[in-house]
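[1] Fold the stuff below for me.
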Amino acid sequence: MAEFTEVELLRIYCGESDRIDGRPAYEVLVELARRHGAAGATVLRGVLGFGAGSLVHTAKLLRLSEDLPMVVEIVDRPERIEALLPRIEAAAKGGCITRQGMRAHFHCPVRVHEVMAADVATVKLDTPLPEVVDLLLARGVKAVPVLDAEGRVAGIVTGGDLLTRGGLDARLSLQQSLPEDARREERGKLSGRTAADVMTAPVATIDQKAGLREAARLMIKKGLKRLPAVDEAGELVGIVSRADILRSAASLAPAAQALPRFTAGLFQLARDVMFSDVPTAASDAPLSEIVAKILTSPLRRVVVTDASGKVLGIVVDGDLLSRCGPGRKKGILQALFGLGGDEGEAACPSGTAAEVMERNVNTVPEDAALMDVLQKMLSCRCKRLVVVDDDFRLLGMVDRDAILRVIAGI
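    Sure thing, here's the model as predicted:
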């Protein structure tokens, strides 16, 4: 049975002779909808009608030259109609506009504009870097497009940019967990610089009408987690992230047979895409060993196992801050990020993996379908899942990138 989606129908009533900047009003309105990436638009020509002015418009034989009534209908998701409406109202400058909720089934590939975030926080080239970080933390996002004086996308500042070029030692997701003195120390490294100093430029963008598979391929090719979405004029209209694509794939999984090019790869199993190079440690391993493994692994985590390889827990760098206790936090900050410690001070406090590990580990069996793996990633809000055998022994990990590659067909 076809899946139906909540949509809205926007109707704009005008006359055939109405003009916007010298062009027929209905043509301009359809063009606005097309540039916005609306799902569809239709112009209907009436044969008889009148509006608020009570002037009758008719197509009767003797009055063919009269101003006939016109209706422009635009269909899209409610949030997309909400974003488009201000542009329509500004262009129409009056007249009757109606909105009607309904359900629709779209016989077309999933497009970027259907899943992207349209309410995008942006900064300017000269925005001070501390303000950029404050905005990212306030909005709970990991990247912000940078606009030039004409409002075009000139670059993008990501969490990675702040680490590699901005001088931050702790990634964005850990900034709020830092003690106040360490947070001030981090902010001090940003002083005197702007978004233009650290942004990635030129920035890769994606047409809002591009398919999600195309977006996934571009992300994999460029090693990106998000892409600014633009309209035909190159203006920023949203941002699509890796998570947006994965959520869309998860929602479409039940209809995978109808969209094989996008979701069929999700019938593969966890063992088909997992990687086995996972840092491990025993439960009695000292914290110095745990920190060393975290620092040398891009995974930023260590799986704790027993002698047989059975998974006992997992340690993530954030756990070290939240679980080590105030007496040892200063040493952990110095060991992980070089923050808050005096020269010559011990690099890491005493303790073991068992004291800081999370015992409730998010795992999947090796024969789990990637559809199920993806669903679990989204439900537990985690980027990686530990793959285990029937005896709960560690086999490897599967991450978001692996699933994105499957969706991209790479």
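[2] and the nearest residue to residue 365 once chain neighbours are set aside, what does it touch?
    Spatial nearest neighbour of residue 365, excluding adjacent residues (Cβ to Cβ, 6 or more residues apart in numbering): residue 388 at 6.5 Å. All C-beta atoms are positioned from the backbone trio N, CA, C, and that covers glycine. Contact analysis of residue 388 by Cβ atoms under 8 Å, 6 or more residues apart in numbering lists 311, 363, 364, 365, 366, 394, 395.
[3] Among those, name the ones in strands.
    311, 363, 364, 365, 394, 395 (DSSP state E).
[4] Show me which of the residues you listed is closest to residue 6.
    Within the ones in strands among the contacts of residue 388, proximity to residue 6 (Cβ to Cβ) peaks at residue 364, which comes in at 31.7 Å.
[5] ok, the closest one - how many residues close by?
    Look at residue 364: counted by other Cβ atoms under 10 Å, it has 22 neighbours.
[6] That one and residue 388, how far apart?
    In this view, residue 364 and residue 388 are 8 Å apart by Cβ to Cβ, to the nearest Å.
[7] and if you look at residue 405?
    In terms of Cβ to Cβ, residue 405 sits 22 Å off from residue 388.
[8] Please give the element, helix or strand, for the nearest residue to residue 30 once chain neighbours are set aside.
    Nearest residue to residue 30, sequence neighbours excluded (Cβ to Cβ, 6+ apart): residue 41, at 4.9 Å. Assigned by DSSP states H and E, residue 41 falls within strand 40-45.
[9] List the contacts of that strand.
    Contacts of strand 40-45 (Cβ under 8 Å, 6+ apart): 16, 26, 29-30, 33-34, 68-76.
[10] Equivalent analysis for stretch 297-317, please.
    174, 278-283, 285, 290, 293-294, 336, 353-354, 356-359, 361, 363, 384, 386, 388, 391-394, 397.
[11] out of those, which are buried?
    Buried by 16 or more other Cβ atoms under 10 Å: 174, 278-279, 281, 285, 290, 293-294, 336, 353-354, 356-358, 361, 363, 384, 386, 388, 392, 394, 397, out of the contacts of stretch 297-317.
[12] Would you mind writing the CA trace of the lengthiest strand in the chain as CSV?
    Secondary structure of the chain per DSSP E: the longest strand is strand 5-15. This file holds the C-alpha atoms of strand 5-15, laid out as CSV (Å, rounded to 0.1, in the frame of the first residue of the first chain):
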residue,chain,number,x,y,z
THR,A,5,2.6,12.0,3.8
GLU,A,6,1.1,15.1,5.5
VAL,A,7,1.3,18.0,3.1
GLU,A,8,-0.3,21.5,2.6
LEU,A,9,-1.9,23.0,-0.4
LEU,A,10,-1.3,26.7,-0.8
ARG,A,11,-3.7,28.6,-3.1
ILE,A,12,-3.1,32.1,-4.4
TYR,A,13,-6.0,33.8,-6.2
CYS,A,14,-5.2,36.5,-8.8
GLY,A,15,-6.3,37.9,-12.1
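[13] What's the mean pLDDT across that strand?
    Strand 5-15 shows a mean pLDDT of 88.
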